[in-house]
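Chemist: predicted model, plus sequence, below.
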Amino acid sequence: MDSSTRLGAHPAFRTGASVSVATGLYGISFGALSVAAGLDLWQTVALSALMFTGGSQFAFIGVLAGGGGGAAATGAASLLGIRNAVYGMQVNAMLRPGPALKPLAAQVTIDESAATSMAQPDPYGRRVGFWTAGVGVWVLWVAFTVLGAVAGDLLGDPRTWGLDGAAAAAMLGLLWPRLSSGDAWALAVVAALVTTVTLPVLPSGIPILVAAAVAGVWGWAGARRPGSREAAA
């Protein structure tokens, strides 16, 4: 059996390929919502190809759709993207990519590639899982973003289809599975209250940054509590 066959039969490769298809399909919704938020096709594709982190991208267009400016949208996206720096340190320690591969590894370090890699029991499997999921998701995410953006253009006025509020709904869908503990629910309620209170008095897009700052303080305080392993996570 040659090396290509061994690679295709490896469980890490199959997992990475499955994750790539499942995640890439979400690019359709991002492309359509980005166009609905006012970005053109090329701006939308650039976000997927260069920013390439789904939560940050949805946050970016969500702020724009709500009337926020570029600075507020970038701030919200950056806060959500901080986790990728943590993944990057973990991936670098596990895979030890060479100098030529480090820029590419950094670009495709996302939730899915990091999780697929960390789930493998051996070094070879971790490398296969990381690169299969990372590159696979990137290719399909960009391709389906183009499809969604073109479809969004064909739909016309997004308000006709109710898409003007869909970016917020997409962010809620990303958040919902993480509300698996009492602490997570309490933080979500506090962040929602902070956003509601500050929304009438602050420029559009800024309330979400204030709520994110409150969440950061909450997490920092929880991590400092003795024995608070769940809060630290």
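Modeler: Everything's here; your move.

Chemist: could you tell me how far Gln90 is located from Ala73?
Modeler: 28 Å (Cβ to Cβ, to the nearest Å). C-betas here are computed from N, CA, C, even on glycine.

Chemist: tell me which of those two has more neighbours.
Modeler: Each of Gln90 and Ala73 has its neighbours counted (other Cβ atoms under 10 Å); Ala73 has more, 23 against 13.

Chemist: can you verify my assumption that that one contacts Leu64?
Modeler: Yes: between Ala73 and Leu64 there is a contact at 5.2 Å, judged by Cβ atoms under 8 Å.

Chemist: check which helix or strand Pro99 maps to.
Modeler: Counting by DSSP states H and E, there is no helix or strand that carries Pro99.

Chemist: that one - how many residues pack around it?
Modeler: Neighbour count of Pro99, defined by other Cβ under 10 Å: 6.

Chemist: swap in Thr198?
Modeler: Residues contacting Thr198 under the criterion other Cβ under 10 Å number 16.

Chemist: leaving out chain neighbours, which residue sits closest to it?
Modeler: Pro207 (4.3 Å; Cβ to Cβ, 6 or more residues apart in numbering).

Chemist: may I see the buried residues of the biggest helix by length in the chain?
Modeler: Ordering each helix of the chain by length in residues (DSSP state H) puts helix 123-155 first. For helix 123-155, burial by neighbour count (16 or more other Cβ atoms under 10 Å) applies to 125-138, 140-146, 148-149, 152.

Chemist: contact partners for the residue lying closest to His10 once chain neighbours are set aside?
Modeler: Using Cβ to Cβ, 6+ apart and skipping the chain neighbours, the partner closest in space to His10 is Val128 (5.4 Å). Val128 makes contacts with Leu7, His10, Ala12, Phe13, Gly16, Gln120, as judged by Cβ atoms under 8 Å, 6 or more residues apart in numbering.

Chemist: among the residues you listed, which one has the most neighbours?
Modeler: The member of the contacts of Val128 that has the most neighbours, counting by other Cβ under 10 Å, is Gly16 with 26 neighbours.

Chemist: need the contact list for it.
Modeler: Ser113, Thr116, Val128, Gly129, Phe130, Trp131, Thr132, Ala133, Gly136.

Chemist: now it: which helix or strand?
Modeler: helix 11-24.

Chemist: what is the orientation angle of that helix with helix 123-155?
Modeler: Compare the direction of helix 11-24 with that of helix 123-155 by axes from the mean of the first three to the mean of the last three Cα atoms, to 10 degrees and you get 20 degrees.

Chemist: name the helices or strands packed onto the next helix or strand after helix 11-24?
Modeler: Following helix 11-24 in sequence order, the next helix or strand is helix 26-36 (DSSP H and E). Judged by 3 or more Cβ pairs under 8 Å, 6 or more residues apart in numbering; DSSP states H and E, helix 26-36 is in contact with helix 41-46, helix 54-65, helix 123-155, helix 166-175.

Chemist: how about those in CSV, adding distance to Ala184?
Modeler: Output for those, formatted as CSV (distance: least, Cβ to Cβ, whole Å):
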stretch, distance to Ala184
helix 41-46, 31
helix 54-65, 16
helix 123-155, 25
helix 166-175, 9
